[in-house]
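Visitor: Just the structure for this:
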Amino acid sequence: MRLIFVMMLTVSGFLTARGGEPATVPESKEVPEVKATEQEAAAYREAIKNLGSNEFETREKATRELETAGKKARPFLEAAQKSETDAEIHERVGKILKKWQMVEGFVTLPSGLRYKVLKEGSGDQPAATDTVTVQYVGRLEDGTEFDSSYKHGGKPISFPVNRVIPGWTEGLQLMKPGSKYTLIIPSKLAYGETAPPGSGIGPGATLIFDVELIAVQKQ
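Guide: You can find the predicted model right below:
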C-alpha cells in the first residue's frame with residue numbers, strides 16, 4: 001500500500017487554517033554570526049565532555065544544550081570531532097553536526113514545517129481544495145526510506161491537497177507546477193504518536209519528503 005493513501009485515510013477531511021489560500025512564505029534572512037563568550041565557550045566544552053557520561057540524563061541534557069546553542073557551539077563541536085579520542089563522544093558530536101547539516105538552507109515556517117527549494121516551477125500554487133499530481137520519496141531522519149512513488153511502477157500519484165497529513169497540505173501550497181522541494185515535517189504535522197501500522201514510522205517521528213509537483217488540477 002502506498003503510504004500516501006494511508007495519509008489520506010489518516011487525516012481525511014483535514015483543512016488548512018487558510019481556507020484554501022496559498023501559504024504566505026516569510027522572507028528568509030541571514031542571521032549574523034555571533035561568537036561565544038568565554039563563559040559560553042566553557043559551558044560548551046563541558047557539555048561536549050558530558051556527551052560521554054554514563055548517565056543518560058546527563059548526556060541528553062548536554063545534547064539539548066549544544067543543539068540549542070546552534071552556531072555558537074559549532075566551532076567547538078567541529079574541533080572536538082577532529083581531536084576527540086573518546087569514541088562515544090566522537091559519535092554523538094557527529095550526530096549533532098549531521099543533524100544541523102541536514103537542516104541548513106531550509107526555511108522554517110511558524111507551524112514548524114521546514115522546506116528547501118531544490119527547483120522552482122512556474123504557474124499557480126494549488127489551493128487546499130485542488131488536486132495535485134506528484135512524485136515523492138519519504139524517509140526518516142536517519143536516512144531510512146519508508147515510501148516512494150517510484151517504488152510503485154514509477155507512476156505519479158494524484159490526490160486532493162486537503163486529504164493528506166497537515167505538513168503535506170501546507171507544503172504543497174507553497175509549490176508551483178514543475179517545482180521540487182524537500183519538506184521536513186515535524187511529528188505534530190505528520191502522524192504524532194500514532195503512525196500507520198507497518199509503515200516503518202515510529203511514534204513522534206519527524207518525516208522528510210522530496211516532492212516534485214507535476215501538475216495542479218483546479219477545483
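
Visitor: Identify the bridge partners of the most centrally placed residue in the chain.
Guide: Geometric centre of the chain, nearest residue: Ile184, 1.8 Å, by CA atoms, centre = their mean. For Ile184, the beta-bridge partners are Arg114, Ile208 (DSSP bridges).

Visitor: if I read this right, it contacts Phe106, doesn't it?
Guide: Yes: applying CB atoms under 8 Å as the test, Ile184 and Phe106 come out as touching, 6.4 Å apart. The way it works is simple: take the backbone N, C-alpha and C, and place the C-beta from them, glycine included.

Visitor: Touching both of these two, which residues are there?
Guide: Listed contacts common to Ile184 and Phe106 are 114-115; contacts here mean CB atoms under 8 Å, 6 or more residues apart in numbering.

Visitor: and Arg59, what is it in contact with?
Guide: 50-53, 92.

Visitor: Including distance to Tyr115 and secondary structure, could the residues you listed go into TSV?
Guide: What follows is the contacts of Arg59, written out as TSV (distance: CB to CB, whole Å; DSSP: H, G, I helix; E, B strand; the rest coil):
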residue	distance to Tyr115	secondary structure
Asn50	34	helix
Leu51	30	coil
Gly52	35	coil
Ser53	36	coil
Arg92	28	helix
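
Visitor: and these, which are buried?
Guide: 50-52, 92 (16 or more other CB atoms under 10 Å).

Visitor: Going by distance to Ala79, which of these wins?
Guide: For the buried ones among the contacts of Arg59, the residue nearest Ala79 by CB to CB is Leu51; the value is 13.7 Å.

Visitor: Show me what the helix or strand hosting Trp168 packs onto, helices and strands only.
Guide: Trp168 is part of helix 166-172 when elements are defined by DSSP states H and E. Applying 3 or more CB pairs under 8 Å, 6 or more residues apart in numbering; DSSP states H and E, one finds that helix 166-172 makes contact with strand 180-185, strand 207-217.

Visitor: So which residue of the protein lies furthest out from the middle?
Guide: Most peripheral residue of the chain (CA atoms, centre = their mean): Glu38, 32.9 Å.

Visitor: buried stuff in stretch 77-86?
Guide: 77, 80-81, 84.

Visitor: Now do the helices in this structure.
Guide: 3-10, 38-50, 56-69, 74-83, 87-103, 166-172 (DSSP state H).

Visitor: hey, which of the ones you listed is tucked in deepest?
Guide: helix 166-172 (a mean of 26; mean count of other CB atoms under 10 Å).

Visitor: Next up, the contacts around the closest residue to Pro177 other than its chain neighbours.
Guide: Excluding the flanking residues, the one nearest Pro177 by CB to CB, 6 or more residues apart in numbering is Gly123, at 4.6 Å. Neighbour list for Gly123: 176-178, 216 [criterion: CB under 8 Å, 6+ apart].

Visitor: Nothing else from me, thank you.
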